[in-house]
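Undergrad: give me coordinates for this.
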Amino acid sequence: MSKASYSHPIFARLFSWFVPFAEHLGISEHRDELLAGLTGRVVEIGAGSGANFFHYPDSVIEVVAVEPEPYLRTRALQAARLSSVPVQVVAGMAESLPVRSGAFDAAVVSLVLCSVNDQIAALSELFRVLRFGGELRFYEHVLAEEPSLACWQRRVDLIWPHLAGGCHTSRDTLHTIEQAGFLIITHRRFAFLPCILSAPVSPHVIGRAIKQLDATPEAVDGT
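TA: This next block holds a predicted model:
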């Protein structure tokens, strides 16, 4: 298996089955909020089965969608053919993107930073490939602000990643975005509970950050 891919065949198929169900319960509206107003060239990591492709505005001239999981990448290629904006689906890992520095106007992460091997490395790569002043749009489930739920999430993470394709419930993603050199402009926290099994990942955030001119990523472990 190459460094550009990894395989979770069972989880990938379960994830693809669950996505349409969750879309009807609110994720579709969250995607619209996440992507509204984007322009220019966009890189999206962890594109999954391509659910975001149908929500990009016409002002986006190209999306380079990076997906390491073979089954999900095949589904994303199918979705790309139906998208109203040009989408190129490529194999690659978030921590080592196969694109040149400063090539994009915006980057999108959507329910993926929970499962990357190294958050700070993935976000540092997005920092690298964005132009100065470029936007990072993020939509993620995150560590709860409420202490008792956050404690429960940390306990759940002893088992959850092994059952959910590497997903972690207790990552402090907002903090890691700032560690990577981004300035968070706006964000909205909310609870999203499409079914009782998703309780550990119910705290969510949608927001927007920018690549600052004078910022550099911190060399810290973001896992």
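
Undergrad: grab the longest strand from the chain for me.
TA: strand 130-141 (DSSP state E).

Undergrad: pairing partners for that one, with directions?
TA: strand 104-110 (parallel), strand 203-211 (antiparallel) (DSSP bridges).

Undergrad: report the rounded mean pLDDT for the first one.
TA: When you say that, I think you mean strand 104-110. In this model, strand 104-110 has a mean pLDDT of 98.

Undergrad: for that strand, which outside residues touch it?
TA: With CB atoms under 8 Å, 6 or more residues apart in numbering as the test, strand 104-110 has contacts from 31, 34-35, 38-46, 48, 52, 64, 122, 126, 129-131, 134-140. Any C-beta I mention is one placed from the backbone N, CA and C, and that applies to glycine too.

Undergrad: out of those, which end up buried?
TA: Among those, the ones that count as buried by 16 or more other CB atoms under 10 Å are 31, 34-35, 38, 41-46, 48, 52, 64, 122, 126, 129-130, 134-140.

Undergrad: before we move on, the earlier item: give the buried residues for whichever helix or strand comes after the longest strand of the chain.
TA: Per DSSP states H and E, the first helix or strand lying C-terminal to strand 130-141 is helix 147-156. By 16+ other CB under 10 Å, the buried positions in helix 147-156 come out as 149-150, 152-153, 156.

Undergrad: return the member of those residues nearest to Val116.
TA: Nearest to Val116 among those is Gln153, at 17.3 Å by CB to CB.

Undergrad: how many residues are close by the residue lying closest to that closest one once chain neighbours are set aside?
TA: In space, and not counting its chain neighbours, Gln153 is closest to Ser170: 3.9 Å by CB to CB, 6 or more residues apart in numbering. Ser170: 22 surrounding residues under other CB atoms under 10 Å.

Undergrad: what kind of secondary structure is Ser170 in?
TA: Under DSSP: H, G, I helix; E, B strand; the rest coil, Ser170 falls in the coil class.

Undergrad: how close does it get to Gln119?
TA: As judged by CB to CB, to the nearest Å, Ser170 and Gln119 stand 12 Å apart.

Undergrad: who's the closest residue to Phe182 other than its chain neighbours bridged to?
TA: Nearest residue to Phe182 in three dimensions, chain neighbours excluded: Ala209, at 3.9 Å (CB to CB, 6+ apart). For Ala209, the beta-bridge partners under DSSP bridges are Leu136, Ile184.

Undergrad: residues in contact with Ala209?
TA: Counted by CB under 8 Å, 6+ apart, Ala209 has contacts 135-136, 138, 177, 182-185.

Undergrad: Trp160: which of these is nearest?
TA: Phe138 (20.5 Å).

Undergrad: what pLDDT is listed against the closest one?
TA: The predicted local confidence for Phe138 is 98.

Undergrad: name the nearest residue to it, sequence neighbours excluded.
TA: That would be Val109: by CB to CB, 6+ apart, it lies 5.0 Å from Phe138.

Undergrad: and the one you found, how many neighbours?
TA: 25.

Undergrad: next one: the one 5 residues further on
TA: A count of neighbours around Cys114, defined by other CB under 10 Å, yields 23.
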